[in-house]
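Novice: need coordinates for the following:
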Amino acid sequence: MTTTTRAPRTDVAPPGGNDPAPAPPRRRLAPRRNSRRPVWDEEPGLAASAAKALALLVICFLAIYPMFSVLATSLSSQEEIVAKDGLVLWPDRPTLAAYQQILSGGVVTDALVRSIGITVVGTLCSVFFTVLMAYGLSRPRVVGGRFWLLSVLFTMFFSAGIIPNFLVVSELGLLGSYAAVVLPVLISAFNLVVVRSFFMGLPAELFEAARIDGAGDLRILATMVLPLSKGVIAVVSLFYGVAYWNAFFNAMLYLDMEQWPLSMILRQYVLLGQPVAENAAMASEMSAPTQAIQMAVVIVSLVPIVVAYPFLQRYFTKGVITGAVKG
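Specialist: Predicted coordinates:
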């Protein structure tokens, strides 16, 4: 016969009538944490921070050095450029003769005005129609919405080509007009997808509440969607603006020489090394542009985009990342 020993009870009152002693609290064990964290979640060490700083400095140098050299060359005389073998990092005697020559002739200034007009009008038209189409494709239960979306995505991978596009523009009677530079590239499929994805990420309760109040699609778009979409619209506007400002191929195909924008003047001066005049006879009499004039034209073409970029740069993360991830 086995005997069992019992543990003494702790809740029995000791002699003397005192209350039983409370049992000690049980300690909760903290959950085990995985000591192996992913690489991107670890604190960077001194070597990693130094490598990042060095890589950033190298990237900044590679981006700033060419622009600084172009600016220094445009402020130098042709004799100094020849003496330094075409590589000027700091002009000994800075001069604005190249800028005075290109801005006093009228060719560059007229092309600059035309480029500004094409960029402003083209950007406004492209953003307007992109927002309208993106809003329509972002709404559910749109008749034929999937078909039109797939049609837009099809253009991202396949294009008709130069000859079919030229024939279409010619048949529409757009040759020699600035509409030929804007209409063929009016809506970008990439920008449309970005804006549509952003619209699809907006809360559905806003649209339901507006429809309960009797608002239509245009009123919802104008009073509710657009105020919430300033970031993505600013980014898409910058994309369209840069594209119109730098576009030269359509202008070369569809416009006459006296209608050329600044991008064509830049191509003529820098790449071909040929002057631009109102007619061929005047062009044959003019001498080839010097390297200082070529670099001055480059700087003039860069200034508007460089000035506009900082005002829209803060919308990049909010506009592009949100529009590309959601939806």
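Novice: what are the ranges of the strands in the stretch 101-250 of the chain?
Specialist: Counting by DSSP state E, counting those that start in this stretch, the stretch 101-250 of the chain has no strands at all.
Novice: give me the low-pLDDT residue ranges for it?
Specialist: Across the stretch 101-250 of the chain, the ranges flagged by pLDDT under 70 are 105.
Novice: now the helices for it?
Specialist: Secondary structure of the stretch 101-250 of the chain, counting by DSSP state H, counting those that start in this stretch: helices at 107-138, 145-157, 162-171, 179-182, 189-200, 204-212, 217-220, 226-228, 230-246, 249-254.
Novice: elements contacting the longest one?
Specialist: Same thing as helix 107-138. helix 145-157, helix 179-182, helix 189-200, helix 230-246, helix 262-266, helix 291-312 (3 or more C-beta pairs under 8 Å, 6 or more residues apart in numbering; DSSP states H and E). Bear in mind the C-beta positions are built from the backbone N, C-alpha and C, glycine included.
Novice: angle of that helix against helix 291-312?
Specialist: Interaxial angle of helix 107-138 relative to helix 291-312 (axes from the mean of the first three to the mean of the last three C-alpha atoms, to 10 degrees): 30 degrees.
Novice: redo the helices of the stretch 101-250 of the chain as a markdown table? Include distance to L75.
Specialist: Shown next, in a markdown table, are these (distance: least, C-beta to C-beta, whole Å):
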| stretch | distance to L75 |
| --- | --- |
| helix 107-138 | 17 |
| helix 145-157 | 43 |
| helix 162-171 | 39 |
| helix 179-182 | 32 |
| helix 189-200 | 37 |
| helix 204-212 | 54 |
| helix 217-220 | 52 |
| helix 226-228 | 44 |
| helix 230-246 | 24 |
| helix 249-254 | 29 |
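Novice: can I get these in a markdown table including mean neighbour count and distance to P94?
Specialist: Below are those laid out as a markdown table (neighbours: other C-beta atoms under 10 Å; distance: least, C-beta to C-beta, whole Å):
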| stretch | mean neighbour count | distance to P94 |
| --- | --- | --- |
| helix 107-138 | 19 | 20 |
| helix 145-157 | 12 | 47 |
| helix 162-171 | 13 | 44 |
| helix 179-182 | 21 | 36 |
| helix 189-200 | 21 | 41 |
| helix 204-212 | 12 | 57 |
| helix 217-220 | 14 | 55 |
| helix 226-228 | 11 | 47 |
| helix 230-246 | 20 | 27 |
| helix 249-254 | 18 | 33 |
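Novice: to L54, which of the ones you listed lies closest?
Specialist: When these are compared by C-beta to C-beta, helix 230-246 sits nearest L54, at 30.2 Å.
Novice: which phi and psi does P94 have?
Specialist: phi -60, psi 140 (degrees, to the nearest 10).
Novice: distance of it from L75?
Specialist: Look at P94 and L75: by C-beta to C-beta, to the nearest Å, they are 4 Å apart.
Novice: the two - which one has more neighbours?
Specialist: Using other C-beta atoms under 10 Å as the criterion, P94 and L75 rank with L75 on top: 22 against 12.
Novice: kindly state the domain boundaries assigned to this structure.
Specialist: Here the domain parsing of the chain from automatic domain parsing is 49-95, 100-325.
Novice: and the last one, how far from the chain's centre?
Specialist: The one in question is domain 100-325. Domain 100-325 has its C-alpha centroid displaced from the chain centroid by 12 Å (C-alpha atoms, centre = their mean, to the nearest Å).
Novice: including distance to L132, could the helices and strands packed on helix 107-138 go into a markdown table?
Specialist: A markdown table is the format used below for these (distance: least, C-beta to C-beta, whole Å):
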| stretch | distance to L132 |
| --- | --- |
| helix 145-157 | 12 |
| helix 179-182 | 16 |
| helix 189-200 | 10 |
| helix 230-246 | 12 |
| helix 262-266 | 28 |
| helix 291-312 | 21 |
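Novice: can you say which of those is nearest to M133?
Specialist: helix 189-200 (6.1 Å).
Novice: mind checking the helices of the stretch 101-250 of the chain for the one nearest to A63?
Specialist: Among the helices of the stretch 101-250 of the chain, helix 230-246 sits nearest to A63 (C-beta to C-beta), with 16.3 Å.
Novice: only C-alpha atoms, please: export the closest one in CSV.
Specialist: Provided in CSV are the C-alpha atoms of helix 230-246 (Å, rounded to 0.1, in the frame of the first residue of the first chain):
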residue,chain,number,x,y,z
LYS,A,230,-4.2,67.6,-56.2
GLY,A,231,-1.0,65.6,-55.7
VAL,A,232,-1.5,63.1,-58.6
ILE,A,233,-2.8,65.8,-60.9
ALA,A,234,0.3,67.9,-60.2
VAL,A,235,2.6,65.0,-60.9
VAL,A,236,0.8,64.1,-64.2
SER,A,237,0.8,67.7,-65.2
LEU,A,238,4.6,67.7,-64.8
PHE,A,239,4.9,64.6,-66.8
TYR,A,240,2.9,66.0,-69.7
GLY,A,241,4.6,69.4,-69.5
VAL,A,242,8.1,67.8,-69.7
ALA,A,243,7.0,65.6,-72.6
TYR,A,244,5.5,68.5,-74.6
TRP,A,245,8.5,70.7,-73.8
ASN,A,246,11.1,68.2,-75.0
